[in-house]
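Participant: sequence and predicted structure are below.
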Amino acid sequence: MLDPKSIPALFDLSGKIACITGASSGLGRRSALVLAAAGAKVVCVARRREALLELQASMPSQCAVVDHDLVDRTGLKSLSKKVAEPYGDPDIIVHAAGINTREPADDITPEGWDITLDLNLRAPFFLSQYLVPAMQAKGWGRIINFASLQSYRAFSGGLSYGASKGGVAQMTRAMAQAWSAQGINANAIGPGFFRTELTAAVFADPERSAQNAQQTCIGRNGELEDIDGTVLFLASRASDYVTGQVLMVDGGFTAK
């Protein structure tokens, strides 16, 4: 017989350590709040220290902050050591940092391309690579990447961003193949249109925002709390047999 107490225990993150990049705003900030509420000690990473300190003050449990620019190719190894200093090596890494320049294909520069691919694709892989050995030693870990609608759909002004997010989807599958047999599950969340700093330009256009809402099966754009259950599921024991997947949290946008 199933013990009713076993269900909440599946989602309990007490004793776990989570690192969240892009934690100063948007879905990264929300992810940090959710994991902390579930009992995890969280280490929040972003460029803007003031925003990180504000988040730290609002946390219900232990929270440390590390200000770091993930575009810096030379700093990821040192970052992997910094995030382990407050509480120990992370069990969970959430890669929520990202950039979308929304440039037409004809205007993309090599510099802009490199920044987009560096932040959205290279940083999640190499930071994970540095953190995986400690997860392997524990025999348990969670890698949560952030994919996108543009992992599967081409949007105007989204060539470099779409290329990076298509890469995230395949990287997630490859991470799962490489590390899941050692207890480290890798999955990705594919958000629809949520009102964040990254999508400010979209929501500033009421007509475009309404069109996006109509494209969903549910009939509305996402609210920050819509991501809570997915983050907690993928970070916890509840997803023990789920790996290599991109879970679209888009109100059914990609179903139509």
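Facilitator: Looks like it came in fine.

Participant: in this structure, where is pLDDT below threshold?
Facilitator: 60 (pLDDT under 70).

Participant: point to the residue nearest the middle of it.
Facilitator: The residue lying closest to the centre of the chain (CA atoms, centre = their mean) is Ala96, at 3.2 Å.

Participant: could you give the number of residues near the closest residue to that residue other than its chain neighbours?
Facilitator: Distance criterion CB to CB, 6 or more residues apart in numbering; nearest residue to Ala96, sequence neighbours excluded, is Gly28 at 3.2 Å. All C-beta atoms are positioned from the backbone trio N, CA, C, and that covers glycine. Number of residues near Gly28 (other CB atoms under 10 Å) recorded here: 25.

Participant: Gly88 too?
Facilitator: For Gly88, the tally of surrounding residues (other CB under 10 Å) stands at 12.

Participant: phi and psi next, for the residue lying closest to Arg73 once chain neighbours are set aside.
Facilitator: With CB to CB, 6+ apart as the criterion, Arg73 has its nearest non-adjacent residue at 6.7 Å, and that residue is Asp118. When read as degrees, to the nearest 10, the backbone of Asp118 gives phi -60, psi -50.

Participant: got it, and Ala64?
Facilitator: According to degrees, to the nearest 10, Ala64 has phi -120, psi 150.

Participant: run a quick neighbour tally on the closest residue to Ala84 other than its chain neighbours.
Facilitator: Counting by CB to CB, 6+ apart, Pro90 is the residue found nearest to Ala84 once chain neighbours are left out, at 6.9 Å. The number of residues packed near Pro90 is 25, by other CB under 10 Å.

Participant: let's verify Pro90: helix, strand, or coil?
Facilitator: coil (DSSP: H, G, I helix; E, B strand; the rest coil).

Participant: now it: how far from Ile20?
Facilitator: 9 Å (CB to CB, to the nearest Å).

Participant: overlap of the contact sets of these two?
Facilitator: Residues touching both Pro90 and Ile20 (CB atoms under 8 Å, 6 or more residues apart in numbering) are Val43.

Participant: what's the helix or strand for Leu79?
Facilitator: helix 76-82 (DSSP states H and E).

Participant: identify each buried residue in that helix, please.
Facilitator: 76, 79-80, 82 (16 or more other CB atoms under 10 Å).

Participant: pick the one among those residues closest to Glu50.
Facilitator: Comparing these against Glu50 with CB to CB places Lys82 closest, at 18.4 Å.

Participant: how near is that closest one to His68?
Facilitator: 7 Å.

Participant: do Leu33 as well
Facilitator: 20 Å.

Participant: ditto for Val202
Facilitator: Taken as CB to CB, the span from Val202 to His68 is 27 Å.

Participant: same deal with Leu234?
Facilitator: For Leu234, the distance to His68 - CB to CB - is 23 Å.

Participant: now swap in Ala201 and tell me
Facilitator: 26 Å.

Participant: check Ile144 too.
Facilitator: From Ile144 to His68 the distance is 19 Å (CB to CB).

Participant: looking at those two, which one has more neighbours?
Facilitator: Ile144 (27 against 20).

Participant: wait, isn't the more buried one in contact with Ile93?
Facilitator: Yes: assessed by CB atoms under 8 Å, Ile144 is found in contact with Ile93 at 7.0 Å.

Participant: list of residues touching the lengthiest helix in the chain?
Facilitator: Criterion DSSP state H: the longest helix present in the chain is helix 159-179. Residues outside helix 159-179 that contact it (CB under 8 Å, 6+ apart) are 99-103, 105, 108, 112-113, 116-117, 120-121, 124-125, 128, 132, 135-136, 141, 143, 145-148, 150-155, 185-188, 190, 243-246.

Participant: is it possible to mark the buried ones in those residues?
Facilitator: Buried among those (16+ other CB under 10 Å): 99-101, 103, 108, 113, 116-117, 120-121, 124-125, 128, 132, 135, 141, 143, 145-148, 150-152, 185-188, 190, 243, 245-246.
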